[in-house]
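> Pasting the sequence and the predicted coordinates here, then a few questions.
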Amino acid sequence: MKISVNWLKEFVDVTSDPRQLKSDLTMIGLNTESCAPVGDDWVLDVEVTTNRPDCLSHYGVARELATLYRQPLQRVEVFLKESGEPTSAAATVEIADPDLCARYCGRIVQKVQVGPSPDWLVKRLEAIGQRSINNVADATNYVLMELGHPLHAFDLFRLRQHKIIVRRANPGEPLRTLDGVDRTLTRDSLVIADGERPVALAGVMGGEESEISSRTGSVLLESAWFEPVSVRRTAKSQGMHTEASHRFERGADLEMAPLALDRAADLIQKVAGGEILRKMIDVYPRPESRKDLLLRRSEIARILGTEVAWEEVERILCGLGFQTERQGTEGWRVSPPSFRLDVSREIDLIEEVARHVGYDRLPARVRPAPPRVERDITREKIMAVSSLLVGLGYHEIIAPAMVDPAENQRFADCAPVMLANPLSQDASAMRSSAVPSMLRAIRWNLDRDLRDVKFCEFGKTYSLTTEGTPEERRVLTLGATGHRRPASVHDSEKVVDFFDLKGDLGTMFAPFDLPKLDFEPSSCPYYEEGCCGRLTSQGIALAVFGQPRQDLAREYKLRQAVWVAEIDLEHLLNFSLRPRQFRPFSKFPAVERDFSLVVPDGVPYARLAAAVAGLDLEEIRRHRPVDRFRGGAIAAQHHGLLLRVTFQSQTHTLTSEEVGGLSQRLLAVLEPLGVRLRG
Amino acid sequence: MRPSRTQTLAMTIDEKVRKTLAELGVTDAAGVEALFGEVRAAMEQERSSLVSHGASSEAERDRLSKSLRDRWLARQNGLLANIDERWLKTSPKELKPSVGKSFNGLRQAAAALEMDALVKGVGLKIPTKVAAVDAAEIRGAGLRDLTLPGYCRPLGSLHPVTQMQREIEQIFLNLGFRIEDGPEIESVYYNFDALNIPESHPSRDDWDTLYINAQTVLRTHTSPVQIRAMEKYGAPLYIIIPGKCYRHDNPDASHTPMFHQIEGLAIDSDITFADLKGTLDFFAKKLFGEKIHTRFQPSFFPFTEPSGEVAISCIFCGGEGCRVCKESGWIEVMGCGMVHPQVLHNGGIDPEKYSGWAFGLGVDRYAMMKYDINDIQLLFQSDVRFLEQF
Ligand SMILES: [Zn+2]
């Protein structure tokens, strides 16, 4: 809210310069973004939090400053010149729905001259960003800005039967509001009606028909109190937000209604002439007295960590409009003022004390938690995996969770979680697959000619269970394309392929205590046939990886081979970290031999490995394929495979004969697979 | 003179093939069979000996297998040629069939030997002295240019937001806090109601919310985990809660619909505002440097009371005033406050016995501030030129 410093000075003796004022207001919770000179005035932009509607006015801000600066706050007093008949003889007010309108005050000013406002009024409103309309409207607006209470002025002669009825709207009732919009009302809306039809949306906006115009002779002024939730609902359902609704929905001041009414009537008379009828109408069915609160000194100390002197507490609370009464040594009985609807508990009073003592003057101490014993194993696992991925050259990305449902559907067959109010169609579903976001990330780089990319993403996928409840799963996604390493004098360039990903996955799983990691070729609707694999442990799928299908690759403009892996973190994180245990290594020399094998094309390496493993020979310490080739002397439908085997015994140095024997057994077990030594 | 049995046994195969059957004392079919068995065993032994011995190079392997083949199969003076000459051609008539049969068997075995891939498949010994050779090469011959760049394996990186998050987490872990987690798709109850933000109150509008349905939202802050943790663990409780949050914000240089928050919560029997101030000041100094100052100013959050904002003296201008701090000398870094008694109550903790403090901060903003990133969109574009700088 814009606050004029000159205006404030009408209520409190402000001597500090505007920059200081800005900082002082901020330090008592009225965050002031800026202070700017406007003519001979300074205007502050004060950010008022939703709990403090009382500060949506100059008077409210002045009260805070008066308390802060220990200055008296000027009282608002109005001495009206009333004349003629009582107001109630010229108009009637009825509250049909008292649950939504606790009080309705009205006054009539007759024989007004509606016209432009005097300069001082225009200037003051314009300084705080308000447009001048006419003298009557400006007067009500002035009082709104001054005292914070919204008022409305009706053209009395447009009110049928000179009647005001505050009631719920009938479904479908029409009303054209001041902004020229034709509205259809619902039962939820509270309206001000005359003898026949709605003439205003209560607490939100008046109707066009009863608007003050140059032809208006008599003005009916409304100063009421509408129930916050009802105003909020009415304004929301009509998509409106006005100065009036802003204040009513935060809670206006019940006791301010008559004062603000008198202040406005007086001002109208001053700027537009006219006669104020005697005795206001004040319909106030059930005046409510607010509950007193108990404020304990011990509670202040328990929350703030320091004692606050009796007098200091009283100075602050009384300055802010509270009444205090000491209760022995315990504390105070406190009556909150009517404009502080936000104060309803002891803690609210403690906050008032803290604000005006000053947060910066309260004590401070560093407070560690008591020692704890549990380890955060999940965090340790994620740290282990992410460190490995960084070492393997993967850059971590963070991808959006909200995606295009159509795109998502191509990568997942479960029902996605849809947003009811998405920002856009292409961000209207929660992703149930992380693959499309990875492809998009890679595409972003390929489009910019950044061709060597390795990405990992720790994120979630979201889906609906069969019961329709949303489910979140932690997933890790890898994407790789381009060269394994930049070209160098030491090494030729090599393009990343399936086996890079397969190897990286193996490395990544290394910290985990997986009883066994099994690989099997797999298929997946969005991976190229024959370019997709799956890693499982004890039948639990840990990772699926492959190369996106060619049509998808074209769609995502992937101009080079891209490899993607999806790792199910929920499953992976269920495995414990590998326990560290030393097993004595053999003291005897190891012997390595290469076997040049001829393998029929239909026999995958995994079968050779399984056959060798099936021998269960301790002395065959290790074996791995080191070369694979075709052509030359190799027969058709066969390929050459160079198998490097390490022989070692735990108990003695192997003799040539033993190695020969082991070699024979190795070859013998491969023979049924059609694998022969190369001739 | 016929040699004795012992003499015959002591003879090598090479010696035996130079003698006739008669000279070897072989006179019957059984003797022929035993003799040829001996030859075949010798052949097999030599073959497997070669295989297990291995070779240290292709060339050596070829040489070894050629010599084995030549020794047995050479037309001139090969062992088989000698056997043909001395044993078969000169054998007595009655022994000829059995000698012929055995010799054929031997020939086939030898032919197999020649064809046998073992000869070619002799295991290669793996050279082990490569490094030493290289070192010598580098020192001696000067073939290498030591100023060439090293052999590099490019490292990846953790996302700056993750790095920032871990840095913040670590400070609180050092203070003994635990890390808690919660769902991103959250109920309206946990996201708002339990945090003292009723639907009917305008404060609800401070959170532009993405809804799944009337009861479910994408959490607008990590605060719902406060309630969940209170319910789960009770008091005392010292936790921080990092995680993704969502707002109905159109993307621009400082907004994204998805962002990262860290929430902190300490509940104990004697927690005061002083602990909030002291601990957050400690945290800010550890993160932004010991030289900074903190400033606590009152604010409003429905779930804390008293509520505050923490500002630090501008890390760019030292408090003099600059563009980043909008000439104020201060940068707001987090919201905080004493946990509202109603919130403690909603979490099942007695507010008369326990009190607590809480804070919430935006990790993305911290990363931007500390790493000098001027556009929040950079964080989520996955541009490798951006990521590799961290
Ligand atoms: Zn600065």
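Looks like it arrived, so ask away.

> what's the domain layout of the chain?
Defaulting to chain A. A:2-69, A:82-283, A:293-361, A:378-572, A:591-677 (automatic domain parsing).

> Chain B is the one I meant
B:5-140, B:160-387.

> any idea of the mean pLDDT for the shortest one?
It stands for domain B:5-140. Per-residue pLDDT over domain B:5-140 has a mean of 73.

> What I need now is the domains of chain A written out in CSV, including mean neighbour count and mean pLDDT for each item.
For the C-beta atoms, the positions are set from N, CA and C on the backbone; glycine is no exception. Conversion of those to CSV gives the following (neighbours: other CB atoms under 10 Å in any protein chain shown; pLDDT from 0 to 100):
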stretch, mean neighbour count, mean pLDDT
domain A:2-69, 19, 95
domain A:82-283, 20, 94
domain A:293-361, 18, 97
domain A:378-572, 18, 93
domain A:591-677, 16, 92
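
> wait, which of those is closest to residue B:170?
domain A:378-572 (10.9 Å; CB to CB).

> where are the low-confidence patches of the stretch 251-390 of chain B?
For the stretch 251-390 of chain B, no stretch is flagged by pLDDT under 70.

> Near chain A, which residues of it are found?
B:257-258, B:266, B:270-275, B:277-279, B:281-282, B:295-300, B:302, B:305-309, B:338, B:340-342, B:355, B:379-385, B:387-388 (CB under 8 Å from any CB of the partner chain).

> For the stretch 51-200 of chain A, which residue gets nearest to the ion?
Closest approach between the stretch 51-200 of chain A and the ion, counting by CB to the ion: residue A:68, at 26.3 Å.

> Report the separation between residue B:373 and residue B:389.
Distance, residue B:373 to residue B:389, by CB to CB, to the nearest Å: 10 Å.

> Just want to know which of these two has more residues nearby.
Shown here are residue B:373 and residue B:389; by other CB atoms under 10 Å in any protein chain shown, residue B:373 has more neighbours (19 against 10).

> didn't that one look like it was pressed against residue B:164?
No - using CB atoms under 8 Å, residue B:373 makes no contact with residue B:164, being 10.4 Å away.

> shared neighbours of these two, anything?
Taking CB atoms under 8 Å, 6 or more residues apart in numbering or on different chains as the criterion, residue B:373 and residue B:164 both touch residue B:367.

> Could you count how many residues lie near residue B:279?
Residue B:279 has 27 neighbouring residues, counting by other CB under 10 Å.

> Would you mind finding the longest helix in the chain?
With no chain named, the answer covers chain A. helix A:256-272 (DSSP state H).

> To clarify, I was referring to chain B.
Chain B, longest helix under DSSP H: helix B:29-53.

> Tell me the first helix or strand C-terminal of that one.
Scanning forward in sequence from helix B:29-53 by DSSP states H and E, the next helix or strand is helix B:58-73.

> Is any residue of that following helix near chain A?
No - interface with chain A: helix B:58-73 contributes nothing (CB under 8 Å from any CB), its closest point being 9.9 Å away.

> can you give me the strands for the stretch 51-200 of chain B?
Taking DSSP state E, counting those that start in this stretch, the strands of the stretch 51-200 of chain B run over residues B:178-179, B:185-187.

> what does the stretch 551-679 of chain A put close to chain B?
Residues of the stretch 551-679 of chain A lying near chain B (CB under 8 Å from any CB): A:591-596, A:598, A:644-645, A:655-661, A:663-664, A:676-679.

> let's see 6 Å
A:592, A:593, A:594, A:596, A:656, A:659, A:660, A:677, A:678, A:679 (CB under 6 Å from any CB of the partner chain).

> and residue 15, what are its phi and psi?
Using chain A here. phi -110, psi -20 (degrees, to the nearest 10).

> ah, no, chain B please
The phi/psi pair for residue B:15 (degrees, to the nearest 10) is phi -70, psi -40.

> per-residue confidence for the residue in the stretch 51-200 of chain B that the ion sits nearest to?
In the stretch 51-200 of chain B, the residue found nearest to the ion is residue B:164; the distance is 20.0 Å by CB to the ion. In this model, residue B:164 is scored at 98, pLDDT.

> Could you do the one 3 residues further on as well?
Reading off the per-residue confidence, residue B:167 sits at a pLDDT of 97.

> Next, the closest residue to it other than its chain neighbours: secondary structure please.
Nearest residue to residue B:167, sequence neighbours excluded (CB to CB, 6 or more residues apart in numbering or on different chains): residue B:287, at 6.7 Å. Of the three states, residue B:287 takes helix according to DSSP: H, G, I helix; E, B strand; the rest coil.

> rewinding a little: Produce a ChimeraX select command limited to the buried residues of the residues of the stretch 251-390 of chain B next to chain A.
A single ChimeraX command selects the buried members of those (16 or more other CB atoms under 10 Å in any protein chain shown):
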select /B:257,258,266,271,272,273,274,275,277,278,279,281,282,295,296,297,298,299,300,302,305,306,307,308,309,338,340,341,342,355,379,380,381,382,383,384,387
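
> Among the residues of the stretch 251-390 of chain B next to chain A, which ones are in strands?
If you go by DSSP state E, those have B:258, B:266, B:295-300, B:305-309, B:338, B:355 in strands.

> Now do the helices in the stretch 451-600 of chain A.
Per DSSP state H, counting those that start in this stretch, the stretch 451-600 of chain A carries helices over the ranges A:498-509, A:550-555, A:569-572.

> Need those helices in TSV (columns: distance to residue A:341).
Shown next, in TSV, are the helices of the stretch 451-600 of chain A (distance: least, CB to CB, whole Å):
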stretch	distance to residue A:341
helix A:498-509	57
helix A:550-555	58
helix A:569-572	48
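
> on that earlier part again, which member of the ones in strands among the residues of the stretch 251-390 of chain B next to chain A is positioned nearest residue A:559?
residue B:258 (28.9 Å).

> how much space is there between that closest one and residue A:363?
39 Å.

> what residues are up against residue 376?
Let's take chain A. residue B:179 (CB atoms under 6 Å, 6 or more residues apart in numbering or on different chains).

> Chain B is the one I meant
Per CB under 6 Å, 6+ apart, neighbours of residue B:376: B:254, B:256, B:364.

> Please report which of those residues has the highest neighbour count.
Counting by other CB under 10 Å, top hit in these: residue B:364 with 24 neighbours.

> Might one say that it is in contact with residue B:259?
Yes - with contact defined as CB atoms under 6 Å, residue B:364 reaches residue B:259; the gap is 5.2 Å.

> In three-state terms, label the residue nearest to residue A:183 when sequence neighbours are not counted for me.
In space, and not counting its chain neighbours, residue A:183 is closest to residue A:175: 5.2 Å by CB to CB, 6+ apart. Secondary structure, three-state DSSP: residue A:175 is strand.

> Contacts for stretch A:263-274 next, please.
A:78, A:80, A:107, A:109-113, A:117-118, A:135-136, A:139-140, A:143, A:151, A:221, A:276.
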